[in-house]
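Q: Generate coordinates for the sequence data below:
(4 chains)
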Number of protein chains: 2
Amino acid sequence: MAQTRYRQIYNILKSRIQQGTYAIGDYLPSENELCKTYKITRTTARKALDELLKEGFIEKQHGKGSKVKERRQSLGLLTVKGFSEAVGENVRTIILQKPQILSWPKELPFPADENELNAPCIYFERLRCVGDVPVMTESNWFSAHGLNRFLDCEFVDGSFFKTLSRKYLIEVTGSEQELRALFADEKSAYLLKIEQGFPILRISIKFTTSKPDLNIYSYLYCNTEKYPIGNIYTH
Amino acid sequence: MAQTRYRQIYNILKSRIQQGTYAIGDYLPSENELCKTYKITRTTARKALDELLKEGFIEKQHGKGSKVKERRQSLGLLTVKGFSEAVGENVRTIILQKPQILSWPKELPFPADENELNAPCIYFERLRCVGDVPVMTESNWFSAHGLNRFLDCEFVDGSFFKTLSRKYLIEVTGSEQELRALFADEKSAYLLKIEQGFPILRISIKFTTSKPDLNIYSYLYCNTEKYPIGNIYTH
DNA sequence: TTTTCTTACTTGTACGTACAAGTTGAATTT
DNA sequence: AAATTCAACTTGTACGTACAAGTAAGAAAA
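A: Numbers count the residues shown, from 1 in each chain, chains lettered A, B, ... in the order given. Presented below is the predicted three-dimensional model:
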């Protein structure tokens, strides 16, 4: 078998969601219907749905079904909302360093998993601005394993995570974050156009993905004076 | 059944990890061993392990086993979970000011809803410590409307939100937060035992509740040097 | 008409079985 | 001694079955 059975079903459902065959708010076929359609058992159907659940494509309701959820692009600002969505329209992104192979740094935002360090490290760096005001620098590290020709191609819609999803079928499944208030160092001060020693917010992130040996490690240095970091939770 | 079987197994394993019976790097009993020990099937054992996996307590290795992972100590705050629940055991809370009626301040962390300001304002203030280290000051404002005899009674288990839930059947339904890195002012520096001008993290919060005219407005001033604010997000 | 009950769906939990596939170390062969 | 094979573990996938529990809508009773 080229692929596991549940992964096949998962892919079918996921692509239909992405293409809008199942729109937001719609219910997917019930588990028993999936069994009949694809000649599988409920165990397998549930496993496929569980993956979609983990990746935020659907929500399950006991006694009702699996409803297609609105999927918010995860760009890592504590909320599920992306940077552009959170801030508004006039967001500009400046690429400070295009994705390229580097050696792994001795210290990452979070300790890396064992396997990741075997493959080379891809690094890129961006500066986020609201209008003309720089508000955040972003540094990203991740393992190149399995990401063929990543350096050659442009980002889809300028979005790193969209690129992972569309080109490699990799989804962000979660993130671990850590917040610190720090004095701005020389580099951050220069990039954010503030005085050295000004208080800035550093967000350390480990994004986990649907690819077991791929996590994205990021540092965000934020000037929160004019644009604080926002966050909304609802149950 | 009071609880699901897999949840029971999950709880047993989790508490053993938290108590150090299974230390970091150790392998949990294999799935088949769990089956024998607890008279369950592998389906159930795997479900329990899956939960631990989702919550980051273990990592699974095909062909080897389930290894206890290092969980970083940080203050898991940005969720709706309370402080004590998020941090763990050696948390101390010092009441700086018991709940009492005050006039509404001219500026709250977030603009108040109209109706709230009609009733008097309850205010209280606490200092949170991990061991002997003060890590966070907490100021809270909310409308007294409908909270009879709130000032007279002690908090349930020392928890404000538990008190709301148990005594008034009010649940937190969501929160809006805003993060800023600031220079510590005189008061914060004094309470947190740091130098004035040291960078601290201020979290502004508006908790919404199941009672339509009750929101809780809070400022948290955090010394993130030793204990950064943590956050885990899973879809 | 309104309420209650039943029925037919849905997902959730738990049982049991079988084989595939990764890991490890000891036994066997080279 | 070194390389290979094998056996005994581990987790991963997939089959099948049964019943519990939540949901919704129509039938029956008030």
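Q: Show me which residues of chain A are close to DNA strand D?
A: Residues of chain A lying near DNA strand D by Cβ under 7 Å from any atom of the strand: A:1, A:4-7, A:39-44, A:47, A:61-64. Backbone N, C-alpha and C define where each C-beta goes, glycine included.
Q: Distance check, residue A:66 against residue A:49.
A: 6 Å (Cβ to Cβ, to the nearest Å).
Q: pLDDT weak spots in chain A?
A: For chain A, applying pLDDT under 70 flags the ranges A:1-2, A:71-90, A:114, A:230-235.
Q: just the strands in it please.
A: For chain A, the strands defined by DSSP state E occupy A:58-61, A:65-68, A:91-102, A:121-130, A:133-143, A:172-183, A:199-209, A:215-222, A:229-234.
Q: which other helices and strands contact the longest helix along chain A?
A: Ordering each helix of chain A by length in residues (DSSP state H) puts helix A:5-19 first. The elements that helix A:5-19 packs onto, with contact taken as 3 or more Cβ pairs under 8 Å, 6 or more residues apart in numbering or on different chains; DSSP states H and E, are helix A:31-38, helix A:42-54.
Q: what's the most buried one of those helices?
A: helix A:42-54 (a mean of 19; mean count of other Cβ atoms under 10 Å in any protein chain shown).
Q: Show residues contacting that one.
A: For helix A:42-54, the external contacting residues (Cβ atoms under 8 Å, 6 or more residues apart in numbering or on different chains) are A:5-7, A:9-10, A:13-14, A:17, A:28, A:31-32, A:34-35, A:38, A:58-60, A:66, A:173, A:210, B:54, B:234-235.
Q: Now with 7 Å, please.
A: Under the contact criterion Cβ atoms under 7 Å, 6 or more residues apart in numbering or on different chains, helix A:42-54 has outside partners A:5-6, A:9-10, A:13-14, A:31-32, A:34-35, A:58, A:60, A:66, A:173, B:235.
Q: on that earlier part again, adding mean neighbour count, write the strands of chain A out as a markdown table.
A: Converted to a markdown table, the strands of chain A look like this (neighbours: other Cβ atoms under 10 Å in any protein chain shown):
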| stretch | mean neighbour count |
| --- | --- |
| strand A:58-61 | 16 |
| strand A:65-68 | 19 |
| strand A:91-102 | 14 |
| strand A:121-130 | 19 |
| strand A:133-143 | 21 |
| strand A:172-183 | 22 |
| strand A:199-209 | 23 |
| strand A:215-222 | 23 |
| strand A:229-234 | 17 |
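Q: is it possible to export these to TSV including distance to residue B:159?
A: Formatted as TSV, the strands of chain A follow (distance: least, Cβ to Cβ, whole Å):
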stretch	distance to residue B:159
strand A:58-61	29
strand A:65-68	34
strand A:91-102	40
strand A:121-130	38
strand A:133-143	35
strand A:172-183	23
strand A:199-209	28
strand A:215-222	31
strand A:229-234	19
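Q: Any idea which of those strands gets closest to residue A:157?
A: Across the strands of chain A, the minimum distance to residue A:157, taken as Cβ to Cβ, is reached by strand A:91-102, at 11.0 Å.
Q: Direction included, what does that closest one pair up with?
A: Sheet pairing for strand A:91-102, assigned by DSSP bridges, gives strand A:121-130 (antiparallel).
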